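Engineer: let's see this in three dimensions:
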Amino acid sequence: MRLQFWSKLPGGAALPVVSNQKMNDALKVLFKMAGLDKPTTKTYFIGNERHDVTLPLYERISTHVGRKTFVVTGLSSGLSPYTITQWTGHSSLKAMKPYMALADKVKKESMKKFDEV
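Structural biologist: Numbering: from 1, shown residues only. Below you'll find the model as predicted:
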């Protein structure tokens, strides 16, 4: 007899599906439990006015942070932007442009290490 437990879940999903907000709330709890509380600062601008907000890491974590980290790490490691776009579900290579700029910055910083040799 073959068990098909996923057939009882909505849409035939293999695992329970939670909302993005519930997932982010759970990540914050897990990061806090793990002691990941290093202060992190987010800088943003409204017009020409700079705003800095410092919070513990567990307050800043989200699924989007994970996605962004995955994309930038992949691009910095030389993976094809086209392939990463397919994996992450980005709508186009144009949507990847901000990530590519971050990856280029990481690559430039890494190359500076050769100057020290």
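Engineer: from here on, just use CA atoms for contacts and neighbour counts.
Structural biologist: Fine.
Engineer: touching, residue 85 and residue 97? I think so.
Structural biologist: No. Using CA atoms under 8 Å, residue 85 is not in contact with residue 97, being 10.8 Å away.
Engineer: give me the more crowded residue out of these two.
Structural biologist: Neighbours of residue 85 and residue 97, each counted by other CA atoms under 10 Å, are more numerous for residue 85; the result is 17 against 12.
Engineer: got the contact list for that one?
Structural biologist: 91, 92, 93, 96 (CA atoms under 8 Å, 6 or more residues apart in numbering).
Engineer: are any of the residues you listed buried, and if so which?
Structural biologist: residue 96 (16 or more other CA atoms under 10 Å).
Engineer: show me which of the contacts of residue 85 is closest to residue 46.
Structural biologist: residue 96 (23.6 Å; CA to CA).
Engineer: that closest one falls within a helix, correct?
Structural biologist: Yes. Per DSSP: H, G, I helix; E, B strand; the rest coil, residue 96 lies within a helix segment.
Engineer: in terms of contact, does it touch residue 89 like I think?
Structural biologist: No. Using CA under 8 Å as the test, residue 96 is too far from residue 89 to be in contact (10.5 Å).
Engineer: Provide the strand pairings for the one helix or strand residue 45 maps to, with the direction of each partner.
Structural biologist: Residue 45 belongs to strand 39-46 when assigned by DSSP states H and E. Note on strand 39-46: by DSSP bridges, its sheet partners are strand 49-56 (antiparallel).
Engineer: and the partner strand, which residues are buried?
Structural biologist: residue 56.
Engineer: so where's the protein shaky on pLDDT?
Structural biologist: Along the chain, the parts satisfying pLDDT under 70 run over 1-10.
Engineer: tell me which stretches of it form helices.
Structural biologist: For the chain, the helices defined by DSSP state H occupy 20-33, 57-60, 63-76, 81-88, 97-115.
Engineer: now tabulate these in a markdown table and tack on distance to residue 47.
Structural biologist: A markdown table is the format used below for those (distance: least, CA to CA, whole Å):
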| stretch | distance to residue 47 |
| --- | --- |
| helix 20-33 | 29 |
| helix 57-60 | 23 |
| helix 63-76 | 24 |
| helix 81-88 | 31 |
| helix 97-115 | 20 |
